[in-house]
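Undergrad: What follows is a predicted structure for the sequence shown.
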Amino acid sequence: MKITDTIETVLKQKAMNKILPITPGQTVREALEQMALHDVGALMVMEGKRLVGILSERDYARKGILKGHHSENTLVSEIMSSHVVSVTPEHTVEDCMNLMTARHFRHLPVVRGDEVVGIVSIGDLVKWVIKGHEHTIEELKGYIVGAYPA
């Protein structure tokens, strides 16, 4: 598990790689209920199979709560981020971490052609890197005590 691994590899190993869509015409309350049910921080806003936006907890806090919108009568389309930056499965963990850090994203849709194939969070990527470091540490420990294969 290295930062040079592809996002496709990360998605294959991810415990939950289910696409959780919401439509622009649904209420923010419905979106929040879905986020709570699935313990996620963002949903992809879809019209059919087309990605038209992303709605995150941050969107709700900044564009909903702070502006006095009530989740029961506010539509997803009113507060979603509609300019969605996405990556392909061929991008690397490092590519995505750099993009997310530079653009202050916590969630990044993964798209192949016109099809959404998954989403990665900054937490997914950090876990990936940590697991890689843990593996390296174990190999080094083995080398130090002479158990490293010749």
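TA: Everything's here; your move.

Undergrad: where along this protein do the strands fall?
TA: Along the chain, counting by DSSP state E, strands occupy 21-22, 42-47, 50-56, 107-112, 115-121.

Undergrad: want to throw those into a markdown table with mean pLDDT, distance to M80 and mean neighbour count?
TA: Just so you know, the C-beta spots here come from the backbone N, C-alpha and C atoms, and that holds for glycine as well. As requested, the strands of the chain are exported to a markdown table (pLDDT from 0 to 100; distance: least, Cβ to Cβ, whole Å; neighbours: other Cβ atoms under 10 Å):
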| stretch | mean pLDDT | distance to M80 | mean neighbour count |
| --- | --- | --- | --- |
| strand 21-22 | 95 | 9 | 20 |
| strand 42-47 | 96 | 5 | 21 |
| strand 50-56 | 95 | 4 | 20 |
| strand 107-112 | 94 | 12 | 21 |
| strand 115-121 | 93 | 14 | 20 |
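
Undergrad: The ones you listed into TSV, with extra columns for distance to K2?
TA: As requested, these are exported to TSV (distance: least, Cβ to Cβ, whole Å):
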stretch	distance to K2
strand 21-22	31
strand 42-47	26
strand 50-56	27
strand 107-112	18
strand 115-121	15
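
Undergrad: So which of these is nearest V10?
TA: Minimum separation from V10 across the strands of the chain (Cβ to Cβ) falls at strand 115-121, 6.2 Å.

Undergrad: Just the angle for the closest one relative to strand 50-56, thanks.
TA: Per axes from the mean of the first three to the mean of the last three Cα atoms, to 10 degrees, the angle that strand 115-121 makes with strand 50-56 is 20 degrees.

Undergrad: helices or strands next to strand 115-121 in the packing?
TA: Packed against strand 115-121 by the contact rule (3 or more Cβ pairs under 8 Å, 6 or more residues apart in numbering; DSSP states H and E) you find helix 7-13, strand 42-47, strand 107-112.
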